[in-house]
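Engineer: sequence below, structure please.
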Amino acid sequence: MKILSSFKKFLWIVLLYVPFFSFARGKNELVKSGHWIYDALAAVSMEEGRLDFTDRSPLSVGEILFFLDEAEYSSLSSAGKLQYDRIKNYCSQESFEFGPDFIKLGFEVELNAEGYYKQNDDLEWNYGRYDKGDFLYIPVKIEGTDYFTMMFEGKLALNKNTKEDNDNFLSVPLAADEIDINFPDTGYFSTSHNFTENAALTFQIGRGASDFTRSLTGSIVQSRYFTGSSYLELGFYTQNFRYSMNVNQFNVDKYLYSHEINFRFFKKLQFTARESLLVFAPMELRYLNPWTIYHGFAAWRDYGSNESNTCDYLALKLAYTPVKFLRLYGEFAMTQFQTVYETSNFKDDTTPNGLAFQGGIESFVPCNDGYFHFWLEGTYTDAYMYIKESPDWSMVRNYRENLGDTKYVFYEWIGTPFGPDTVSGKLSIEYEKPAKWSLGASYLLKACGKNSGTKIFKNLGWHEGNEYVIDDSDDGKKNRENWIFPDSDSQGSDEAKKRQKASTPSGTNEYVNVVSLRGTFSPKENITFVFQPSYTFIINYNNESGRNENGFEVAFAANIKIL
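Structural biologist: Numbering: from 1, shown residues only. Below is the predicted model of the structure:
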């Protein structure tokens, strides 16, 4: 509490003695993934029966306004006009800034007072660490007018260990070892150049989460539940074409190189293709070519044994608005596919497939001054999706905290937080009056195999430095045998073949049912209250036949924007 008291004194000194000025957001400021603005953009575009490239994130303020300007304001419903105005107001929102004319230093202050309770300690939080807010959140920006923006997130908040703790009931850190000292989770440098009114080049380097597409449960390709990674992105966009080159760092010497192209046809049909290569090795110049085919490098031959240190990654997306108020979309992702030729001619090969599919239907229907929002989404991931011969070049990031239980390791797949070996479906129905109130309900059903979530990491031996070690020592051999990927040398041919043929969900199926209600209320523009009760019922908990678990959970949050 002394820390909080000292910070309050510092804040008052700054407010009283430093001359501030108000300036609108710069066009290079990024709007983080999961922000309400992406739902609002979707509602406006669907109301006109069109699609654009605002279903990916984070996007800059300039890019958001570029696509928002496609909307014909006079044709929108009263709810659509409210959403349009709300987006415009956010992008022109003034923050406290000071400095010379060219460079400004500014910040915002946000308070999140939250309380939570769950009945069953064996169950994970539904309102988990991705949903729980930071008690005191202070994004600090340096802006060079409309030429660039630099930002980092200052905060006083619970660390991730404490957010996951069963005995955590408040968002306020009550002890020193509960404080998150690893911030910022998000920080970046962002700049852009407009060649014409309809074409621009963008560049960002930073740290934070991103969404391959706006989805209900998290994109199977890349979702905002993959946090804390560092990235570099070069992009170019027009109204109907978008290209980006991205380098994403998972851990030390673990990089994902990607190219992505987006096409839009007739404002109603969108197609996206992304080719990526994950390499467990120091960064290399050859992968930074802005336009190349990674598979042509045959990089799997360059780092020791065959299929070592690399993971090829292909993703496709198709979205369509057949009529107004309706969006249909589908995604495909692949880390491994064995052709019929390979399975027929290489009898000793035990490599499994790694495929994932996701599809959904979404609708915003205007009613009075609000929207009915209907959303249904399903996902499927193979038993070995994201998984390769070693965790080192599997599509997962791992890290630990510096305070609290520092031995606890967090694992995050690049795509859906459900991980591999899962079939899921979620239905959400909500009515919202923009910036006023909302009330909704959702139902989630998951069929989870023994490789789902992050279960496969529980029995591994991790050495100092949080590295998975493959060597000739006794520990190295034990780790290799414990890893789930089919391997004839360590598991024997029969066991490896059995694992290769595993279907989703594998082993004893765990069935997860979650029913949630959610209500929000905003008495003023800068104050929002959230109330979310939920009930979970699991059959064959933790893939143990006959073990059932259930429990009730409730969360309350008050978000107050002070500056």
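Engineer: all contacts plus neighbour counts: C-alpha atoms, from now on.
Structural biologist: OK.
Engineer: how about the residue most central in space within the chain, what does it touch?
Structural biologist: Using C-alpha atoms, centre = their mean, the residue of the chain that lies closest to the mean C-alpha position is residue 224, 0.8 Å off. Under the criterion of C-alpha atoms under 8 Å, 6 or more residues apart in numbering, the contact partners of residue 224 comprise 33-34, 209-211, 218.
Engineer: let's see 10 Å
Structural biologist: Residue 224 makes contacts with 32-34, 57-58, 130, 208-214, 218, 414-417, as judged by C-alpha atoms under 10 Å, 6 or more residues apart in numbering.
Engineer: again with residue 80
Structural biologist: If a contact means C-alpha under 10 Å, 6+ apart, then residue 80 has 40-41, 43-48, 71, 73-74, 86, 364-366, 369-371, 434 as its contacts.
Engineer: show the contacting residues for the closest residue in space to residue 343 that isn't next to it in sequence.
Structural biologist: Spatially, and ignoring its direct neighbours in sequence, residue 343 is nearest to residue 349 (7.4 Å; C-alpha to C-alpha, 6 or more residues apart in numbering). Under the criterion of C-alpha under 10 Å, 6+ apart, the contact partners of residue 349 comprise 338, 342-343, 486-488, 493, 496-497, 500.
Engineer: and those residues, which is closest to residue 296?
Structural biologist: For those, the minimum distance to residue 296 (C-alpha to C-alpha) is 17.8 Å, reached by residue 338.
Engineer: hmm, that closest one is touching residue 354, no?
Structural biologist: Yes - with contacts counted by C-alpha atoms under 10 Å, residue 338 reaches residue 354, the gap being 9.0 Å.
Engineer: okay, the two: which has more neighbours?
Structural biologist: Neighbours per residue, other C-alpha atoms under 10 Å: of residue 338 and residue 354, the larger number sits with residue 354, 22 against 14.
Engineer: mind listing the residues bridging to residue 422?
Structural biologist: On the basis of DSSP bridges, residue 422 takes part in beta bridges with residue 381, residue 448.
Engineer: how about the one 10 residues further on?
Structural biologist: Assessed by DSSP bridges, residue 432 has beta-bridge partners residue 371, residue 438.
Engineer: heads up, I number from 26, so please use that
Structural biologist: Sure thing, new numbering starts at 26, so read that last one as residue 457.
Engineer: can you list the helices and strands that whatever helix or strand residue 399 lives in packs against?
Structural biologist: Secondary-structure assignment from DSSP states H and E places residue 399 in strand 395-406. Using 3 or more C-alpha pairs under 10 Å, 6 or more residues apart in numbering; DSSP states H and E as the contact criterion, the elements in contact with strand 395-406 are helix 61-72, helix 103-116, strand 351-361, strand 379-392, strand 447-458, strand 462-473.
Engineer: quick check: which of these is nearest to residue 282?
Structural biologist: Among the helices and strands packed on strand 395-406, the nearest to residue 282 by C-alpha to C-alpha is strand 351-361 (13.9 Å).
Engineer: and the angle from the closest one to strand 379-392?
Structural biologist: Interaxial angle, strand 351-361 versus strand 379-392 (axes from the mean of the first three to the mean of the last three C-alpha atoms, to 10 degrees): 170 degrees.
Engineer: which strands border strand 351-361, and is each parallel or antiparallel?
Structural biologist: With DSSP bridges as the test, strand 351-361 is paired with strand 335-345 (antiparallel), strand 379-392 (antiparallel).
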